[in-house]
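K.L.:
The following block contains a protein sequence and its predicted model.
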Amino acid sequence: MDYQKYKIEKIPGTVYYIPQFITEEEEKYIIEHVDSVPKPKWTQLSHRRLQNWGGVPHPKGMIAEKIPDWLKKYIDKIATLGIFEAEKCPNHVLINEYLPGQGIMPHTDGPLFYPTVTTISCGSHTLLEFQPSKSEDCQGASVQDDASQGPTFSLLLEQRSLLILQDELYHNYLHSIAEVMDDHVTNNIANLHVCSGNYVLGEKLTRGRRVSLTIRHVPKTTKLKISVGK
């Protein structure tokens with residue numbers, strides 16, 4: 001697959017959006033495996049819950065762990081696109097579950113990761129919103145002071161799609177998901193013209209349960225136990 005033909009123009013940085021990257025059968029397969037993991041694998045946050053696979057990223061380095069085959073096949077599928085350099089192949093998967101009405105504050109993914117992030121969406125769409133960051137040091141935390149200006153543009157992430165985000169959008173822009181039950185189709189959606197659905201302006205899109213696979217590379221890894229104390 002030539003991913004470069006899916007580049008979204010007229011927005012800062014580099015973004016590729018591939019609709020229908022996985023099939024309905026693959027989507028079902030992923031969700032079934034996500035739901036079958038032992039309960040302790042989930043980390044419960046105030047507005048969503050998540051799973052880490054490959055290790056838990058930390059500034060001192062991530063203790064590398066084996067990624068199960070059911071996830072490795074999608075790492076390999078993305079790696080074959082040629083997005084990542086050979087020595088920077090994906091080695092970490094963050095799985096987020098968003099129920100209707102759940103979202104995430106404006107943030108960047110920070111310096112722990114190689115500045116290429118890929119996301120597969122399963123179960124439901126969402127609207128990912130972007131705005132420039134005024135903070136010089138956004139290390140993966142929510143930046144509420146920057147959120148007041150509102151989003152500059154957004155991307156509609158459909159079920160079974162793949163988002164590839166790089167360079168300026170990774171470093172200099174915050175991204176967020178609003179805590180709403182429904183999204184509306186507007187001219188602010190930069191990738192609407194390449195989406196698989198036949199959307200019309202003003203249309204209401206009701207969210208369902210969304211499971212996202214964020215697949216990326218953690219450069220600093222170790223096989224030794226890390227001391228996180230001061």
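P.N.:
Everything's here; your move.
K.L.:
Now the helix or strand hosting Thr119 - C-alpha only, CSV.
P.N.:
Element membership for Thr119, per DSSP states H and E: strand 116-122. Provided in CSV are the C-alpha atoms of strand 116-122 (Å, rounded to 0.1, in the frame of the first residue of the first chain):
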residue,chain,number,x,y,z
THR,A,116,5.5,9.2,14.4
VAL,A,117,2.3,8.0,15.9
THR,A,118,-0.2,5.6,14.3
THR,A,119,-3.8,5.0,15.5
ILE,A,120,-6.3,2.3,14.5
SER,A,121,-9.9,3.1,15.5
CYS,A,122,-12.3,0.2,16.3
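K.L.:
That one: how far from the chain's middle?
P.N.:
Distance, stretch centre to chain centre, for strand 116-122: 4 Å (C-alpha atoms, centre = their mean, to the nearest Å).
K.L.:
same thing with stretch 103-121?
P.N.:
For stretch 103-121, the distance to the chain centre is 6 Å (C-alpha atoms, centre = their mean).
K.L.:
neighbours around Leu157, how many?
P.N.:
For Leu157, the count of nearby residues is 24 (other C-beta atoms under 10 Å). C-beta coordinates here come from the backbone N, C-alpha and C atoms, glycine included.
K.L.:
repeat for Gly208
P.N.:
Neighbours of Gly208 (other C-beta under 10 Å): 12.
K.L.:
helices and strands around the strand holding Thr119, which ones?
P.N.:
The contact analysis (3 or more C-beta pairs under 8 Å, 6 or more residues apart in numbering; DSSP states H and E) places strand 116-122 against helix 24-36, strand 162-166, strand 210-216.
K.L.:
Show me what the mean pLDDT comes to for the shortest one.
P.N.:
Averaging pLDDT along strand 162-166 yields 94.
K.L.:
what's the answer for the first one, then?
P.N.:
Taken as a whole, helix 24-36 carries a mean pLDDT of 98.
K.L.:
Please list the residues outside the next helix-or-strand element following that helix that contact it.
P.N.:
Using DSSP H and E, the next helix or strand after helix 24-36 towards the C-terminus is strand 43-44. With contacts defined as C-beta atoms under 8 Å, 6 or more residues apart in numbering, strand 43-44 is touched by Arg49, Leu50, Gln51, Asn52.
K.L.:
Paired strands for strand 43-44, with orientation please.
P.N.:
Looking at strand 43-44 with DSSP bridges, its partner strands are strand 49-53 (antiparallel).
K.L.:
Show me how far the partner strand is from its chain's centre.
P.N.:
In this view, strand 49-53 has its centroid 12 Å away from the chain centroid, taken as C-alpha atoms, centre = their mean.
K.L.:
List the buried residues in that strand.
P.N.:
Neighbour counts over strand 49-53 (16 or more other C-beta atoms under 10 Å) mark Leu50, Gln51, Asn52, Trp53 as buried.
K.L.:
how about the helices and strands packed on strand 116-122 in JSON lines, adding mean neighbour count and distance to Leu99?
P.N.:
Converted to JSON lines, these look like this (neighbours: other C-beta atoms under 10 Å; distance: least, C-beta to C-beta, whole Å):
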{"stretch": "helix 24-36", "mean neighbour count": "14", "distance to Leu99": "13"}
{"stretch": "strand 162-166", "mean neighbour count": "23", "distance to Leu99": "20"}
{"stretch": "strand 210-216", "mean neighbour count": "23", "distance to Leu99": "8"}
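K.L.:
Dump these to CSV, plus distance to Gly197.
P.N.:
Formatted as CSV, the helices and strands packed on strand 116-122 follow (distance: least, C-beta to C-beta, whole Å):
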stretch, distance to Gly197
helix 24-36, 15
strand 162-166, 15
strand 210-216, 15
